[in-house]
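1. I need the structure of the sequence given here:
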Amino acid sequence: MLDDPRALLRHLYEVAVARALPARVLAARLPPPPKGRTLVLGAGKAGGAMAQALEAAWPAEAPLSGLVITRYGHCPPSYAPRRIELVEAAHPVPDAAGQQAAGRMLALTQGLTADDLVICLISGGGSALLSLPAEGLSLTDKQQLNRALLESGADIAQMNCVRKHLSRIKGGRLAAACAPARVLTLTISDVPGDDPAVIASGPTVADPTTCADALAICGRYGIALPEAARVGLQSGAFETPKPGDPRLAGHELRMLSTPLQSLEAAAEAARALGLAAHVLSDEIEGESRDIGAMHAALARASARRGQPFARPCVLLSGGETTVTVRNREGRGGRAGEFLLGCALALQGEGGIYVLAADTDGIDGKQDNAGALVTPDSLARAAALGLKPRELLQANCAYDFFAALGDLVVTGPTFTNVNDFRALLVL
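-> Numbering: from 1, shown residues only. From the prediction side, this is the model:
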């Protein structure tokens, strides 16, 4: 496969995604049915696939019901929900469908007993999908705040700190509402460090951050707050359940898949092909284009001097970079900006091929998972009259790679362990 770099990189991406599929990892982590009833609640881009895997594994004779929210188009085509209702809603900016479903989900927690079990299926994307504004805030308020956060350059932990404090269901509030039932959270991580309090804004996890933290983040990034949000945060009225809250006692969380596990699976696949593989980190954050340039420097040094890595090799990384939006009409996401920044830094360096893609199959709001950079990317772009630096400045990385025919289009993958990046140095 070394004679086809594009195919090799696609293969590694597919291996990484496959490692995180709920059908492969969920059944073995389920508990036995409880004495009472089992209620399934959940939200995230992997929600449909997680619900499908749970339904398939749960004993037919054991009671099971519930509600899970996923992104539009992210229900596996092979799944026909029978016992768990699946609702589709908008991401990354919430909509009325998500708000209504979140309200219904909270209502389902009423009347639970200590004999009951609540299984919460949580994956990345749940912050937008599970949108139930705090008292005094409207859906329009939350939509505007979400857009401002997404465009600000704030990292995922900072964004979710604000989101959970302006919610009636996130930041541990869903788990608190389930008391006195036992709560088991099954989660797929899409965040650097795999902090369950950050994944989907931690609806079932105690929140160590504070209203003051949320206010400070909004101040740092110049995010205007509606009056009700400002008052609620300043007064502490919007504070979240904290570690040690008795309503969360005895709750359990089981991590099903993480970014590092997917990167390690890809590394094993590369080694099986006789290629040295190095996992740089699964926690890389920062401005996407800058992180692209940093990766390019590592690959270029390895190609020219055999340091820090001897070629042939593949360099793998994950995490969640950010894009500071300068042009709201621009088309592109984190992977595209990473790749364009990488291509500009490489300047056509021979023998280096790069793939970056989101493991959920969607880069930003476009129809691609990511794209590819080849040694002749800039030369081909020049022949087409493209101006890569101008396109990057205008947040139009998608247009650059679409013109070259180098988009990676997979459609929804039904899981989400966030960014996947592979640099092949031959």
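
2. ok, residue 5 - how many residues close by?
-> 20 (other CB atoms under 10 Å). All C-beta atoms are positioned from the backbone trio N, CA, C, and that covers glycine.

3. check contacts around it.
-> By CB atoms under 8 Å, 6 or more residues apart in numbering, the residues touching residue 5 are 353, 374, 424, 426.

4. Give me the buried entries from these.
-> For the contacts of residue 5, a burial check counting by 16 or more other CB atoms under 10 Å picks out 353, 374, 424, 426.

5. pLDDT at the second one, what is it?
-> Model confidence at residue 374, given as pLDDT, is 98.

6. Now, the buried ones among the contacts of residue 5 that are in strands?
-> Helix and strand membership here follows DSSP state E; of those, those in strands are 353, 424.

7. ok, of the buried ones among the contacts of residue 5, which one's closest to residue 157?
-> Nearest to residue 157 among those: residue 424, at 30.9 Å, using CB to CB.

8. re the thing from before, farthest pair within the contacts of residue 5?
-> Maximum distance among these (CB to CB): 11.3 Å, for 374 and 426.

9. intersection of neighbour lists for the two?
-> By the contact definition CB under 8 Å, 6+ apart, residue 374 and residue 426 are jointly contacted by 5, 353.

10. okay, the contacts of residue 5 in CSV with distance to residue 347 next?
-> Compiled in CSV, those are given as follows (distance: CB to CB, whole Å):
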residue, distance to residue 347
353, 15
374, 13
424, 17
426, 17
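
11. ok, those residues vs residue 317, which is closest?
-> residue 424 (13.1 Å).

12. partner residues bridging that closest one?
-> residue 314, residue 353 (DSSP bridges).

13. these two touch, right, it and residue 10?
-> No. Counting by CB atoms under 8 Å, residue 424 sits too far from residue 10 to count as a contact (11.1 Å).

14. Buried residues in whichever strand in the chain runs longest, which are they?
-> Longest strand in the chain, counting residues (DSSP E): strand 276-284. Using 16+ other CB under 10 Å as the burial criterion, the residues of strand 276-284 that qualify are 277-280, 282, 284.

15. quick one: the strands in this protein?
-> Under the criterion DSSP E, the chain contains strands at 38-43, 65-71, 84-89, 117-123, 182-188, 252-257, 276-284, 313-319, 352-358, 370-373, 407-408, 419-425.

16. Mind picking out the helix or strand in the chain with the poorest mean pLDDT?
-> Using mean pLDDT, DSSP states H and E, helix 139-152 stands out as the lowest-scoring helix or strand of the chain, at a mean of 92.

17. elements contacting that one?
-> Contacts defined by 3 or more CB pairs under 8 Å, 6 or more residues apart in numbering; DSSP states H and E place helix 139-152 against helix 156-165, helix 227-235.

18. Swap in 10 Å and give it another go.
-> Of the remaining helices and strands, those touching helix 139-152 by 3 or more CB pairs under 10 Å, 6 or more residues apart in numbering; DSSP states H and E are helix 96-108, helix 126-129, helix 156-165, helix 211-220, helix 227-235.

19. what angle sits between that helix and helix 227-235?
-> For helix 139-152 against helix 227-235, the angle between stretch directions is 70 degrees (axes from the mean of the first three to the mean of the last three CA atoms, to 10 degrees).

20. pull the CA atoms of helix 139-152 into CSV?
-> What follows is the C-alpha trace of helix 139-152 in CSV, where atoms were taken according to Å, rounded to 0.1, in the frame of the first residue of the first chain:
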residue,chain,number,x,y,z
LEU,A,139,-33.7,29.4,22.3
THR,A,140,-32.7,32.4,20.2
ASP,A,141,-30.5,33.5,23.0
LYS,A,142,-28.8,30.1,23.1
GLN,A,143,-28.4,30.0,19.4
GLN,A,144,-26.7,33.4,19.3
LEU,A,145,-24.4,32.5,22.2
ASN,A,146,-23.5,29.2,20.5
ARG,A,147,-22.6,31.0,17.3
ALA,A,148,-20.5,33.5,19.2
LEU,A,149,-18.6,30.7,21.1
LEU,A,150,-18.0,28.7,17.9
GLU,A,151,-16.6,31.8,16.2
SER,A,152,-14.5,33.1,19.1
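
21. Just want the angle from that helix to helix 96-108.
-> Between the direction of helix 139-152 and that of helix 96-108, the angle (the same axes, to 10 degrees) works out to 110 degrees.

22. Now do helix 139-152 and helix 156-165, the angle between them.
-> 170 degrees.

23. re earlier: any idea which of the helices and strands packed on helix 139-152 is most buried?
-> Burial among those, expressed as mean neighbours by mean count of other CB atoms under 10 Å, is greatest for helix 126-129, which shows a mean of 30.

24. and of the contacts of residue 5, the nearest to residue 257?
-> residue 424 (24.3 Å).

25. Just to check, that closest one is in contact with residue 11?
-> No. Assessed by CB atoms under 10 Å, residue 424 is found out of contact with residue 11, at 11.0 Å.

26. Contacts only, for residue 380.
-> Shown here is residue 380, whose contacts under the criterion CB atoms under 10 Å, 6 or more residues apart in numbering are 374, 386, 403-406.

27. for the longest helix anywhere in the chain, packing partners?
-> Ranked by number of residues, the top helix in the chain under DSSP state H is helix 288-305. Here helix 288-305 touches strand 276-284, strand 313-319, helix 334-346, strand 352-358, helix 388-393, helix 397-404, strand 419-425, going by 3+ CB pairs under 10 Å, 6+ apart.

28. what is the orientation angle of the longest strand of the chain with helix 334-346?
-> Going by the same axes, to 10 degrees, strand 276-284 makes 120 degrees with helix 334-346.

29. Pairing partners for residue 42 in the sheet, please.
-> residue 68, residue 121.

30. Hmm, residue 44 is touching residue 98, no?
-> No. Between residue 44 and residue 98 there is no contact, the gap being 11.6 Å when judged by CB under 10 Å.

31. Need the residues touching each of these two.
-> Applying CB under 10 Å, 6+ apart, one finds that residue 44 and residue 98 are jointly contacted by 69-71, 91, 126, 128-130.

32. Can you add distance to residue 154 and give the residues you listed back as a markdown table?
-> Rendered in a markdown table, the data for those read as follows (distance: CB to CB, whole Å):
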| residue | distance to residue 154 |
| --- | --- |
| 69 | 24 |
| 70 | 25 |
| 71 | 21 |
| 91 | 17 |
| 126 | 18 |
| 128 | 15 |
| 129 | 19 |
| 130 | 19 |
